[in-house]
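Trainee: What follows is a predicted protein model with its sequence.
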Amino acid sequence: MTDSYEDLTEYGLGEADEAALLAEQDECTFMWATKDGWPVGVIMAYVWRDGRFWLTAAKHRARVHAVRRDPRVSICVTSKGTKLGGLKTVTYKGICALHDDDTTKAWFYPALARHLIPDDETFAGHFERFLDSPERVILEVEPTQRIDYDGVKMMAATIEWITKTAP
């Protein structure tokens, strides 16, 4: 047990919690570097499948040009807005590939639509059709490194420390 927050390694996110977070959450922060080296990010919807993040954007977006220039990206997912409770977060460094083939589109667009709109098949179908435009690409991010944190574990340890050391 520690008496400060200098080292947070003991508050890591367990595998089961990480899997639940990636399945439950439907958005992430996608980050890349601009031409002049500045880090930038946007919130994007994603599908987690086969150990990879799958996202989509129009070909003319700055993030697509950046990935073509340098495929190194980062993705951060938090539990905010989910039913998981507490602050759980995981950030990944990864390599991004771009796809515009019909095979990838055929599974990805329906998967994203159903993930974002699970309770309305009709609306999800319309959303899927809007996604399927000629100037759209799919981004596949293969994680290469992760940084994780479980605020629930940290809060429990803090309460335990306070309880044991309080006068």
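Mentor: Received it, and whenever you're ready, just let me know what you need. Numbering: from 1, shown residues only.
Trainee: Make sure F108 is actually in contact with L55.
Mentor: No. Look at F108 against L55 with Cβ atoms under 8 Å: they stay out of range, at 9.2 Å. C-beta here means a position set from N, CA and C on the backbone, and glycine is covered the same way.
Trainee: show me what contacts the residue nearest to M31 when sequence neighbours are not counted?
Mentor: Excluding the flanking residues, the one nearest M31 by Cβ to Cβ, 6 or more residues apart in numbering is G41, at 3.6 Å. Applying Cβ atoms under 8 Å, 6 or more residues apart in numbering, we find G41 in contact with 29-32, 74, 76.
Trainee: Just the buried residues from those residues, in PyMOL please.
Mentor: The following PyMOL line selects those of these that are buried, judged by 16 or more other Cβ atoms under 10 Å:
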select buried, resi 30+31+32+74
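Trainee: Now the common contact residues for F108 and L55.
Mentor: 47, 138.
Trainee: sorry, back to before: looks to me like the residue nearest to M31 is in a strand.
Mentor: Yes. Assessed by DSSP: H, G, I helix; E, B strand; the rest coil, G41 belongs to a strand.
Trainee: please begin residue numbering at 56 from this point
Mentor: Noted, 56 is the first residue going forward, which turns the last one into G96.
Trainee: who touches the longest strand along the chain?
Mentor: If you go by DSSP state E, the chain has its longest strand at strand 191-205. With Cβ under 8 Å, 6+ apart as the test, strand 191-205 has contacts from 63, 66-69, 72-73, 85, 106-114, 118-119, 122, 128, 130, 141-155, 159-160, 163.
Trainee: Spell out the residue ranges of the helices in the protein.
Mentor: 70-79, 117-124, 157-171, 176-186, 206-220 (DSSP state H).
Trainee: are any of the contacts of strand 191-205 buried, and which?
Mentor: 66-68, 72-73, 85, 107-112, 118-119, 122, 128, 130, 143-147, 149, 151, 160, 163.
Trainee: coming back round to it: how about a markdown table for the helices of the chain, with distance to L194 and mean pLDDT added?
Mentor: Below are the helices of the chain laid out as a markdown table (distance: least, Cβ to Cβ, whole Å; pLDDT from 0 to 100):
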| stretch | distance to L194 | mean pLDDT |
| --- | --- | --- |
| helix 70-79 | 16 | 93 |
| helix 117-124 | 7 | 97 |
| helix 157-171 | 10 | 94 |
| helix 176-186 | 13 | 86 |
| helix 206-220 | 28 | 68 |
